[in-house]
Each structure stands twice: as C-alpha cells, then as structure tokens.
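K.L.:
sequence unknown, structure follows:
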C-alpha cells in the first residue's frame with residue numbers, strides 16, 4: 001500500500017510514518033517548509049513540501065495513494081489569535097478529505113480527539129468511562145482547540161455521509177517516544193521529571209502508548225467502517241493524576257507531588273496568567289482551557305476499537321516508562 005500522511009512531523013504523525021514503513025508500506029509525507037523533522041529520523045519516505053491550504057498540491061501528491069491519513073492539527077491550549085487554528089483544523093480537514101476523494105484514495109483516516117466525545121458520568125462516586133456514543137456537551141467545548149477539532153470532526157462525518165470512505169479515530173492521551181516538541185501531555189511528564197510539578201489537580205486521563213495509536217490508524221484503514229468513530233485508548237489507562245504520578249515515581253525515582261490544589265484556586269491563577277499573557281504575548285503556564293479540561297476525569301472506553309480493529313493494549317506503565325526513557329535519553333531532563 002502507498003499512504004499519504006499529513007502532520008508527519010507531529011507526535012502521532014511521525015510514529016505513524018515509522019509504523020507504516022516498518023510494515024513495508026510506501027509513504028508520502030506532507031511537511032511544511034521549515035518543519036521540524038527530528039521525529040522522522042530513520043524513516044524512509046517521500047517528502048511532499050506544502051501545507052493544508054494548497055488543494056491542488058494535495059490532489060497531485062495523493063494520486064496513486066491507497067490510503068490517506070490526516071493527522072495534521074494545530075494543537076495549542078493558548079494563542080493570541082485563534083484564526084489560524086480554525087483554518088488549519090477545520091478548513092484544512094475539508095481540503096485534505098476533498099483532495100483524497102478526488103485522488104481516488106480507497107480509505108481516508110481522520111485523526112480527531114477524545115475531546116470530541118462526551119465526558120464520563122459519575123454516579124455514586126463511580127465513574128463510567130465514555131464510549132463513542134456519548135455526545136459532547138457544548139459547555140465542554142470551551143477551549144478553541146477542542147471546538148476547532150469538533151467542527152473538523154463534523155466535516156469528516158458529513159463527508160462520510162456523502163459517501164467518502166472516511167474512518168474517524170479519537171486518540172486519548174498518547175505517550176511514548178518521539179514527542180519532540182513536546183505535546184502538552186508529554187510536557188506533564190517532562191515537568192514531573194524536572195521537578196517542576198509541585199502540586200496537582202484532582203484530574204485524570206486515559207493514557208495510551210503512541211505506538212498503539214499509530215497501529216490503530218493502520219487498523220482503521222484496514223478494518224474500520226466508514227462513518228464510524230474509534231477511541232484509540234487503553235482499557236487499563238484510566239488513571240487519576242495522583243495515580244499517574246505514583247507510577248512515574250516508581251519508574252523514574254523522582255518523588256511525586258503530594259499537594260493537591262483546589263480547582264477554583266487554580267482557575268483563578270489561570271485567569272491571571274492569561275491576562276498577563278495577553279499583555280506579554282508569552283504563553284501562560286496554566287492556560288484556562290487546560291485547567292477547565294482538568295476539572296473532569298477524562299476516562300474513556302476503547303472496547304469498540306479493541307473488538308472491531310484489534311487495537312493493541314500495551315500496559316500504561318510501559319507507555320509511561322518508554323516516554324520517561326525517551327525524554328531522558330534525548331536531553332529533556334535537566
């Protein structure tokens with residue numbers, strides 16, 4: 001198979017390129033001029049230089065490709081101007097999917113996020129992880145990243161209804177090697193390792209190995225049903241931040257923070273932090289959208305992807321351990 005990959009320099013994208021190459025697939029990777037290609041080191045692929053706005057280039061580059069993986073996204077919890085984010089995430093998705101259809105790709109896999117799925121419900125102190133059928137509440141789309149990704153997912157769903165062979169995957173919180181930037185999720189681990197995490201919120205995430213997410217994309221192309229969504233997560237990956245830091249302490253030897261901060265205190269700090277950021281132009285350390293997301297335990301149920309696609313389930317401790325090793329080996333830990 002020949003695959004076209006957007007977002008190839010990103011965390012999920014570069015791991016997807018490596019996984020495709022390891023399986024013997026030919027890969028064309030869309031890379032912006034000046035893109036950071038460190039995560040692609042060692043992978044053999046054809047470089048296509050351009051961006052998501054050039055539909056003509058996209059159509060020409062995708063000709064002869066069997067699969068299209070649209071993993072590109074603007075992932076920021078704070079920006080001074082969010083218009084470029086919507087242009088990349090919403091308009092870019094429409095451009096890529098339309099180009100893939102014109103080029104005759106047999107399967108199109110769109111990388112969404114679990115942020116487009118409703119939050120878990122808590123009853124009598126027990127949290128039921130969300131699955132693909134849980135509708136998202138508008139109030140949970142407070143951040144521009146999540147809202148732009150939700151709008152992009154609606155574009156993908158509509159195109160699937162119109163007959164395009166689009167499969168949607170919703171990764172949870174991937175961790176592992178090649179998190180070059182790092183992502184906001186990876187930065188949690190980097191800050192922990194650098195002892196810059198003195199306290200935590202009573203939050204939670206579904207941790208999944210980035211390799212499983214990459215494999216999940218390929219399985220979605222092979223087995224996924226067009227118009228369906230698949231959570232790419234781990235059935236054992238639903239951990240509170242306290243549990244996560246306890247695992248990281250065992251892996252790394254770095255003491256876990258013991259102080260749990262009240263949500264409203266952190267929210268007040270975030271408001272002040274963003275007010276300063278609006279004046280200085282420097283990204284806030286505690287973006288409002290990130291703090292608001294942290295109010296809920298974002299626990300998810302990946303059983304549909306496991307059942308229908310055969311999604312691997314690498315233990316979350318191994319995923320966190322691989323992330324720690326990669327960050328340490330590559331100079332992120334001071």
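P.N.:
Good, I have the coordinates. Fair warning: this is a prediction, and the values are worked out from it, not measured in the lab.

K.L.:
what is the neighbour count of the residue lying closest to residue 80 once chain neighbours are set aside?
P.N.:
Once flanking residues are discounted, residue 80 sits nearest to residue 281: 6.2 Å by C-beta to C-beta, 6 or more residues apart in numbering. Where you see a C-beta, it was placed from the backbone N, CA and C, and this is true even at glycine. Residue 281 has 7 neighbouring residues, counting by other C-beta atoms under 10 Å.

K.L.:
residue 281 contacts residue 79, doesn't it?
P.N.:
No: in this structure residue 281 lies outside contact range of residue 79 using C-beta atoms under 8 Å: 10.3 Å.

K.L.:
circling back to that earlier point, give me the distance between the residue nearest to residue 80 and residue 307.
P.N.:
Per C-beta to C-beta, to the nearest Å, residue 281 is found 47 Å from residue 307.

K.L.:
check residue 133 too.
P.N.:
Distance from residue 133 to residue 307, by C-beta to C-beta: 14 Å.

K.L.:
for residue 68, what is the enclosing helix or strand?
P.N.:
strand 67-70 (DSSP states H and E).

K.L.:
distance of residue 45 relative to residue 116?
P.N.:
Residue 45 is 29 Å from residue 116, by C-beta to C-beta.

K.L.:
let me see the contact set for residue 155.
P.N.:
90, 93, 94, 97 (C-beta atoms under 8 Å, 6 or more residues apart in numbering).

K.L.:
kindly report the same for residue 209.
P.N.:
If you count contacts by C-beta under 8 Å, 6+ apart, residue 209 has them with 174, 175, 176, 234, 312, 314, 316, 318, 319, 322.

K.L.:
go on, residue 221?
P.N.:
1, 3, 67, 69, 107, 109, 167.

K.L.:
in a helix, the last one, correct?
P.N.:
Spelled out, it's residue 167. No: secondary structure of residue 167 (DSSP: H, G, I helix; E, B strand; the rest coil): strand, not part of a helix.

K.L.:
bridging residues for it?
P.N.:
On the basis of DSSP bridges, residue 167 is bridged to residue 109.

K.L.:
thinking again about what came up before, want to throw the contacts of residue 155 into a markdown table with secondary structure?
P.N.:
What follows is these, written out as a markdown table (three-state DSSP):
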| residue | secondary structure |
| --- | --- |
| 90 | helix |
| 93 | helix |
| 94 | helix |
| 97 | helix |
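
K.L.:
for those residues, give me a markdown table that also has distance to residue 103, pLDDT and neighbour count.
P.N.:
Compiled in a markdown table, those are given as follows (distance: C-beta to C-beta, whole Å; pLDDT from 0 to 100; neighbours: other C-beta atoms under 10 Å):
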| residue | distance to residue 103 | pLDDT | neighbour count |
| --- | --- | --- | --- |
| 90 | 21 | 97 | 19 |
| 93 | 16 | 98 | 27 |
| 94 | 15 | 98 | 16 |
| 97 | 11 | 98 | 24 |
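
K.L.:
which of those lies closest to residue 63?
P.N.:
residue 97 (15.6 Å; C-beta to C-beta).

K.L.:
which residue is the nearest non-sequential neighbour of that closest one?
P.N.:
Leaving aside its chain neighbours, residue 97 sits nearest to residue 159 (5.2 Å; criterion: C-beta to C-beta, 6+ apart).

K.L.:
any buried residues in the host helix or strand of the one you found, and which?
P.N.:
Element membership for residue 159 (DSSP H and E) is helix 144-161. Along helix 144-161, these residues count as buried under the neighbour rule (16 or more other C-beta atoms under 10 Å): 144-153, 155-157, 159-160.

K.L.:
rounded mean pLDDT for it, please.
P.N.:
Helix 144-161 shows an average pLDDT of 95 in the prediction.

K.L.:
so which residues of this protein form strands?
P.N.:
2-6, 26-31, 46-49, 67-70, 107-111, 121-123, 126-128, 166-171, 173-175, 199-200, 204-209, 229-232, 238-240, 259-260 (DSSP state E).

K.L.:
packing partners for the first one?
P.N.:
To tie it back to what came earlier, the one meant is strand 2-6. helix 11-22, strand 26-31, strand 67-70, helix 92-103 (3 or more C-beta pairs under 8 Å, 6 or more residues apart in numbering; DSSP states H and E).

K.L.:
again, only using 10 Å
P.N.:
The contact analysis (3 or more C-beta pairs under 10 Å, 6 or more residues apart in numbering; DSSP states H and E) places strand 2-6 against helix 11-22, strand 26-31, strand 46-49, helix 55-62, strand 67-70, helix 92-103, strand 107-111, helix 210-223.

K.L.:
each with direction, which strands does it pair with?
P.N.:
Sheet pairing here is set by DSSP bridges, and for strand 2-6 it gives strand 26-31 (parallel), strand 67-70 (parallel).

K.L.:
next one: the third one
P.N.:
The sheet places strand 46-49 alongside strand 26-31 (parallel), with pairing taken from DSSP bridges.
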